[in-house]
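Chemist: sequence plus the predicted model coming up.
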Amino acid sequence: MSEMNLLTSRNNDLTEKQKRGIDLVVKSAAKKYPFILGWELFPDWQKYDAHLYLDLYVDWNLISQYYNEPINPYYVEYPEAIDKTSSLFTYIGYENVDRDEHFQTGYNHGVKLRNLFTTLYQALPEEYQLFYTHHGGLGDVKSLCSLTVNDYLNIKGKK
């Protein structure tokens, strides 16, 4: 049972099929978003019973090409400064654009990507999904964990 919320619980020992389910979702999403090159579980993923947080390994040059947005000149000069972020447009764009509009555009693209992950995960057979249990006044209710993209990690920093 989670230390954070005693009203929910889940088994945090992922089975091989559950790991395969995540792989299937990531590989399917990568067909639409070719800049996605891998994944790992978010370091604190076990703290959140209702969510299964992932970090995606991405290639920022491919993101730049995909969205037809140049990499910010600072990061071209200092590529080692590219690390991880929760926004798709952190390291791209910025030339002759309204910063608020640029942020909103990047946010909207991130929402589309996360929605695709949700749809793909919900479509998997049950043995490939992870569930949590909500303990309430009406008894225990089993619910599907949401598969959620947390951060985008630079593939060049992958160990």
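Modeler: Done, it's in.
Chemist: just the buried residues of the helix ranked longest in the chain, please?
Modeler: What stands out as the longest helix in the chain, according to DSSP state H, is helix 99-123. Burial within helix 99-123, assessed by neighbour count using 16 or more other Cβ atoms under 10 Å, is assigned to His102, Thr105, Gly106, His109, Gly110, Leu113, Arg114, Leu116, Phe117, Leu120, Tyr121. The C-beta positions use only the backbone N, C-alpha and C, and glycine is treated the same way.
Chemist: okay if I get the residues you listed as a markdown table plus distance to Val141?
Modeler: Formatted as a markdown table, the entries for these read as follows, by distance: Cβ to Cβ, whole Å:
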| residue | distance to Val141 |
| --- | --- |
| His102 | 41 |
| Thr105 | 38 |
| Gly106 | 36 |
| His109 | 34 |
| Gly110 | 30 |
| Leu113 | 29 |
| Arg114 | 24 |
| Leu116 | 26 |
| Phe117 | 23 |
| Leu120 | 24 |
| Tyr121 | 19 |
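Chemist: so among those, where is pLDDT lowest?
Modeler: Across the buried residues of helix 99-123, the member with the lowest pLDDT is His102, scoring 81.
Chemist: ok, the nearest residue to that one once chain neighbours are set aside to Gln129 distance?
Modeler: Using Cβ to Cβ, 6 or more residues apart in numbering and skipping the chain neighbours, the partner closest in space to His102 is Gly93 (5.1 Å). Separation of Gly93 from Gln129 (Cβ to Cβ, to the nearest Å) stands at 36 Å.
Chemist: do Leu56 as well
Modeler: Using Cβ to Cβ, we find Leu56 at a distance of 19 Å from Gln129.
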